[in-house]
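Q: Structure for this input, please:
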Amino acid sequence: MRAATVVPGRPDSAAVTEIPEPSPADGAVLVEGMLIGICGTDVEIVRQRFGQPPPGEERLVLGHESVGRVLEAPAGSDLAPGDLVVGVVRRPDPEPCSCCARDQWDFCRNGRFTERGIKGRHGYGAGRWRIEEKFAVKIDSTLGDLGVLLEPTSVVAKAWEQIERIGARACFDARRVLITGAGPIGLLAGLLGVQRGFDVHVLDLVTTGPKPKLVAELGATYHHGGVGELGFEPDIVVECTGVGELVLDIAGSCAPGAIICLAGISSGQRRLPVNLDRINAELVMENTVLFGTVNAARRHYEQAASALLRADQGWLSGVISRRVPLRSWPDALSKRPDDVKVVVDLRD
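A: Residues are numbered from 1 along each chain as shown. Sure thing, here's the model as predicted:
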């Protein structure tokens, strides 16, 4: 069986590899892999030794963004052959912390979790994979290949859930939302903001290509330039770039009582002269909340599935800008000017 594998930190090792059929120990549900999405995490695994293969193994099967079709499911299961499923990425630690014990593994407190295709477990980038039913999220058949967007959407579904919970702390009459970064996470965060009825604005560096068009088709407003050039103070910010300088600009440019969600991570190591006392004073005096979020629990996958089902499928199709066959999957790691979301077709 073919799989997309790599030795983390060795770019020349990225290859299509023959691996054994998945073991029943990985789960009672057998799935035919359809697509995996490629994101910055995968690129870091390949190039910077970010990932971790299963114990005793050198190579890691990539693919934490998945969609597949059920081939086998145990008797009495809620799943049946032919169902489309997406695999949850994270697994709770073996001796559950207080959060993992409550199925909130996205808030794991001791760091001993594992993650499919990232940390300690093989991913979904193979012709067939197995999974425990608890971690297989069924999606509507009408989504088809678009189900590969579920995992990144689950990340922003969690972000929006946290924003809404924080907003409930006081009289929060939010109207304007700023999304920084028009990559897949930013676009999907914008989608969920539009679905909630907000006035959504997306800020990015590019002026050409598919991103401005996708933002406009979403019913949002596209901006190019700095935060100070927006002409308004956002009530909610979802920061998806991880650029530290941009985070600092945002912190001093929001409406009173704003909520700033940090959903991006940058691999850069730039040093910036910062007046932290001024930033601290602005956050305190304006009752601003600044928080970070990563990963997702099962309920966020389910929220994401509902959001994708309500979305325009033509727009979602536009987010998937390039498909790469499994036989040449390393090509997906090299970013092209018009790339938004690149996926690998495991059937080709």
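Q: would you say Leu191 is within a helix?
A: Yes. Counting by DSSP: H, G, I helix; E, B strand; the rest coil, Leu191 is found in a helix.
Q: what about it, distance to Thr142?
A: The gap separating Leu191 from Thr142 is 17 Å, by Cβ to Cβ, to the nearest Å. (Each C-beta comes from the backbone N, C-alpha and C, glycine too.)
Q: Please say which of the two ends up with more neighbours.
A: More crowded of Leu191 and Thr142, by other Cβ atoms under 10 Å: Leu191, with 27 against 11.
Q: Pass me the low-pLDDT residue ranges in the protein, would you?
A: 266-276 (pLDDT under 70).
Q: What is the helix or strand hosting His300 packed up against?
A: Following DSSP states H and E, one finds His300 within helix 298-310. For helix 298-310, the elements it packs on are strand 136-139, helix 150-167, helix 184-195, judged by 3 or more Cβ pairs under 8 Å, 6 or more residues apart in numbering; DSSP states H and E.
Q: report the angle between the axes of the second one and helix 184-195?
A: In other words, helix 150-167. Inter-element angle recorded for helix 150-167 and helix 184-195: 50 degrees (by axes from the mean of the first three to the mean of the last three Cα atoms, to 10 degrees).
Q: Dump helix 150-167 to CSV, restricted to CA.
A: These are the backbone C-alpha positions of helix 150-167, laid out as CSV (Å, rounded to 0.1, in the frame of the first residue of the first chain):
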residue,chain,number,x,y,z
LEU,A,150,-13.0,20.0,7.9
GLU,A,151,-9.9,19.8,10.0
PRO,A,152,-8.7,23.4,9.4
THR,A,153,-12.3,24.5,9.8
SER,A,154,-12.5,22.8,13.2
VAL,A,155,-9.6,24.9,14.3
VAL,A,156,-11.4,28.2,13.6
ALA,A,157,-14.7,26.7,14.9
LYS,A,158,-12.9,26.3,18.2
ALA,A,159,-11.6,29.9,17.9
TRP,A,160,-15.1,31.2,17.3
GLU,A,161,-16.5,29.2,20.2
GLN,A,162,-13.9,30.7,22.6
ILE,A,163,-14.6,34.2,21.2
GLU,A,164,-18.3,33.9,21.9
ARG,A,165,-17.7,32.6,25.4
ILE,A,166,-15.3,35.5,26.2
GLY,A,167,-17.8,38.0,24.6
